[in-house]
Every structure is written in structure tokens, then in C-alpha cells.
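Visitor: coordinates for the following, if possible.
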Amino acid sequence: MRTQFERQLEELHIELIKMGGLCEEAIRLSANALMKKDRNLAERVFSLDGEIDQKERIIENIGYRLLLQQQPVAGDLRTVSAALKMISDLERIGDQAADIAELSLYIEEGDSQSLLHIGDMAEAAVKMVTDSVEAFVKNDLELARKVIDDDDKVDGLFNHVKDELRSMIDGHNIETQSALDLLMAAKYLEKIGDHAVNLAEWVVYSITGQRENNEHQPGSNTER
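Guide: This is a model prediction of the structure:
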């Protein structure tokens, strides 16, 4: 019975890694679509979002099968429960990458420095997602806590973008609508960082049994 549980848990890990990889690709491609104004890249992100949704359903089925058939206890129960929570955040990351890709279809101009910071935000967010999934699979508490700390970098880059776009609007160096669209894209990346923090906090829970309150949780009243 234990061997069967471990085999199914390994399957869950593999599928979660695949889902995380799809999210990482979607984030990168959405940022590139924005910077290059590339419709083909945007279309690829929309396709990836569908793949991410499908992967969520696969992992849900594995997780519920583990809960119902194997009836895990203590640490094993926390592991499976955390995975089922994590895929919800991963699915939202896919949605927000698609939102960025959709914005890329309408933005006609942008400041190169702001776009550079948006690209940096995307890379930082990708790393947070990668590290969160790795921390879960490896049961790495230190790495999970590092992800939570890394959110400050994404927030700092968002503030850079916001300040730059404000200055450009004041100086009449960018169309207001284009600036707002770029700001929205940066906001979606900030939210992706917040979802990555959620992932890491579920990893902490799976290891320690403690779930800390997340001040940056997307949709909370504290969100800027």
C-alpha cells in the first residue's frame, strides 16, 4: 500500500513540475510578446493557458485519488492538500500571463526602459515559480522562504515601471492609453509574484503544518 502511495505521489510531483514549466514558459512568452509586439507569441500564450488548465484537472484527479484511495495521514495529507492548493495559484498565473499577452495586441508604443523593467519582472517571477515548485518537490523549507523574500524584488521593479510611466505621461512622451496598458501588464506580473508567494507558503505549510497569513495575497484589501 505504501509503495502504491509513493508511486502516485511521484506522479503528482511530475505533473506539478510540468504545470510549473508551462507557467514559466507562459510568463516569458507573454513578456516577449509585449516587448516585441509579436502576435504569434501572444497566440502561443493563449494556447499554453489552455494546457495549464488541462494540467490542473489532471493533478486534481491524482490528488483526489490519493486522498480517497490511500487516505494519507499527517505529513502526507499536508503534502497532497498543499499540491491541490498550489495548482489553483498556478492556474491563475496562466490566466494572468494570457492577460499580458492580450494587452500586447493593443499596445502600440512603449518606453524601452519601462519594457526592460517589465522583462526583468517577468524573469524574477519565473524564478519564483520555478523555486516554489522545486521547494515542494524537494521538501526544501529554506528555498520556499527565499521565494517569499524574493517578492520584494518584483514589487520594487513594479514601482520603477510605475514611476517611469508617470514621468513619461507628465512629459507627454507616451500616449496615456499605452502607458496605462503597460502599467496593467506590470501589475499582472506583480500579481504573478504574489501567486508565487502563495505557492511557497503552501510549501511551508506542507513541511511545518503552519500556514502564515499572506499580506500580498492577490485580491486582498492590502493589494496595491
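
Visitor: where does pLDDT dip in the protein?
Guide: Counting by pLDDT under 70, the ranges of the chain that qualify are 1-2, 108-113, 212-224.

Visitor: try it again with 50
Guide: Scanning the chain for pLDDT under 50 picks out 218-224.

Visitor: looking at this protein, which helix is longest?
Guide: Ordering each helix of the chain by length in residues (DSSP state H) puts helix 2-36 first.

Visitor: if you count neighbours, what's buried in it?
Guide: With burial defined by 16 or more other Cβ atoms under 10 Å, the residues of helix 2-36 counted as buried are 5, 8-9, 12-13, 15-16, 18-20, 22-35. All C-beta spots, glycine's among them, are computed from the backbone N, C-alpha and C.

Visitor: chain center to that helix, what's the gap?
Guide: With Cα atoms, centre = their mean, to the nearest Å as the basis, helix 2-36 stands 11 Å off its chain's centre.

Visitor: which residue ranges of this structure form helices?
Guide: Using DSSP H, helices in the chain cover 2-36, 39-65, 74-104, 112-138, 141-170, 176-208.

Visitor: okay, these, which one's buried deepest?
Guide: Ranked by mean neighbour count, these are led by helix 176-208 with a mean of 23 (mean count of other Cβ atoms under 10 Å).

Visitor: now do that one against helix 141-170, angle only.
Guide: Between helix 176-208 and helix 141-170, the angle comes out at 170 degrees (axes from the mean of the first three to the mean of the last three Cα atoms, to 10 degrees).

Visitor: residue 162 contacts residue 185, correct?
Guide: No. Judged on Cβ atoms under 8 Å, residue 162 makes no contact with residue 185 at a distance of 11.7 Å.

Visitor: so which other helices or strands are in contact with the longest helix of the chain?
Guide: Counting contacts by 3 or more Cβ pairs under 8 Å, 6 or more residues apart in numbering; DSSP states H and E, helix 2-36 is packed against helix 39-65, helix 74-104, helix 112-138, helix 176-208.
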